[in-house]
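Chemist: Sequence isn't available, so here's the structure alone:
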């Protein structure tokens, strides 16, 4: 009898353990991700800018060759998919529809990111005419307003919003790169642009705080790329001094600038974690993941001789000309975008974004690793 009771007790504990393990899986694994919400710029925008119908250089994203790998343009600043697309795919969710899209499903998340967007409000950043004005005013502040309006119109109470966000992932960025781009491309020197870093970082952190206060439990905040490796910067900020370049052929000063932004951002994220101990807040290291791809380009299937060249452009050392952006008359696209890291001299190819997505979301460049993927998804 004693042996039978012990066996029965063991079975009960085993059953309870299995139920508890299942609960952990459902709440913290892939099944627990109901939606992804994203704020940011062209690195993440899946079609908002084209809905704003901007005039000028990036009007070309409405047309081929943008989207050529997919066979049609989507409003993404690439030949195909972006990192946010691969993240959604790996989570078993549909691609995020742009917030400004009409008659779209937002059941599994919304993309509020707008190509060309700044972190800081344009009125404060660009007046009085110290920089060239951006071609969108959909800054992080406005995107955050869209985010709040959407949730309030979709859920009955603040508690319902909180529950939804607790089962979602929220990306705050990448954002801030354009604040610097607009300044650099109007010939501001590095020391002047560096003065923007504290305010840009604080704007990002303040947005993250608002998202966390609404109930978000998993927040990802990406850093900046090593911009000294990007064809656009290599062309416009190029130097005749060999010592201005590192061993990978990238501009030292530009990469040092990006590293300063990232360092400041990481320090601020550490402060966020102490203020929100019950939330999972991760830094997405775009800087070092890009360098990892750059240094292993050949083994990853990229053409090592084209890692600093744009696939789509109008010639020159880096196949980039700011007067003839990809899609304009006089430009051509390479035959194999998957062999290139850069699509148009500013944005990356689908192949590069896929490689970065694997390194970040499935690897060591998400710090800490707060996502949980099934093995079969991670090994595509």
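Modeler: Okay, I see it. Everything quoted here is computed from the prediction, not taken from an experiment.
Chemist: Centre of the chain to whichever strand or helix holds residue 262, how far?
Modeler: In this assignment (DSSP states H and E), residue 262 forms part of helix 252-275. With CA atoms, centre = their mean, to the nearest Å as the basis, helix 252-275 stands 16 Å off its chain's centre.
Chemist: Okay, angle between the helix or strand following that helix and helix 252-275 too, please.
Modeler: Note on helix 252-275: by DSSP H and E, the next helix or strand toward the C-terminus is strand 280-284. Angle, strand 280-284 to helix 252-275, by axes from the mean of the first three to the mean of the last three CA atoms, to 10 degrees: 180 degrees.
Chemist: Walk me through which strands strand 280-284 pairs with, and which way each runs.
Modeler: In the sheet, strand 280-284 lines up against strand 218-222 (parallel), strand 366-367 (antiparallel) (DSSP bridges).
Chemist: Looking at those, spot the one closest to residue 121.
Modeler: strand 218-222 (18.9 Å; CB to CB). Quick note: C-beta positions are derived from backbone N, CA and C, even for glycine.
Chemist: Please determine how far the residue nearest to residue 64 when sequence neighbours are not counted is located from residue 298.
Modeler: Of all residues not flanking residue 64 in the chain, residue 73 sits nearest, at 5.8 Å (CB to CB, 6 or more residues apart in numbering). Distance check for residue 73 against residue 298: by CB to CB, to the nearest Å, it reads 30 Å.
Chemist: Which stretches in this protein count as helices?
Modeler: 2-28, 48-51, 83-90, 122-125, 140-154, 158-166, 177-184, 190-194, 197-213, 231-236, 252-275, 286-295, 350-361, 375-378 (DSSP state H).
Chemist: Output those helices as TSV; include the columns mean neighbour count.
Modeler: Listed next are those as TSV, based on neighbours: other CB atoms under 10 Å:
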stretch	mean neighbour count
helix 2-28	10
helix 48-51	24
helix 83-90	23
helix 122-125	16
helix 140-154	17
helix 158-166	16
helix 177-184	24
helix 190-194	14
helix 197-213	19
helix 231-236	23
helix 252-275	16
helix 286-295	21
helix 350-361	24
helix 375-378	10
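Chemist: With mean pLDDT and distance to residue 325 added, can I get those in a markdown table?
Modeler: Output for these, formatted as a markdown table (pLDDT from 0 to 100; distance: least, CB to CB, whole Å):
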| stretch | mean pLDDT | distance to residue 325 |
| --- | --- | --- |
| helix 2-28 | 39 | 44 |
| helix 48-51 | 93 | 14 |
| helix 83-90 | 97 | 22 |
| helix 122-125 | 69 | 21 |
| helix 140-154 | 97 | 24 |
| helix 158-166 | 98 | 37 |
| helix 177-184 | 93 | 14 |
| helix 190-194 | 95 | 22 |
| helix 197-213 | 98 | 25 |
| helix 231-236 | 97 | 10 |
| helix 252-275 | 98 | 20 |
| helix 286-295 | 97 | 22 |
| helix 350-361 | 98 | 19 |
| helix 375-378 | 48 | 35 |
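Chemist: The ones you listed: which one's closest to residue 327?
Modeler: Among those, if distance is taken as CB to CB, the winner is helix 48-51, at 12.4 Å.
Chemist: Give me the more crowded residue out of residue 73 and residue 298.
Modeler: Remark: of residue 73 and residue 298, residue 73 carries more neighbours, 19 against 11, as counted by other CB atoms under 10 Å.
Chemist: Run through the residues that contact that one.
Modeler: With contacts defined as CB atoms under 8 Å, 6 or more residues apart in numbering, residue 73 is in contact with 61, 62, 63, 64, 66, 67.
Chemist: picking up where we left off before, state the distance from the residue nearest to residue 64 to residue 52.
Modeler: From residue 73 to residue 52 the distance is 15 Å (CB to CB).
Chemist: and if you look at residue 333?
Modeler: According to CB to CB, residue 333 stands 24 Å off from residue 52.
Chemist: Looking at these two, which one has more neighbours?
Modeler: Applying other CB under 10 Å to residue 333 and residue 52 shows that residue 333 carries more neighbours, namely 20 against 14.
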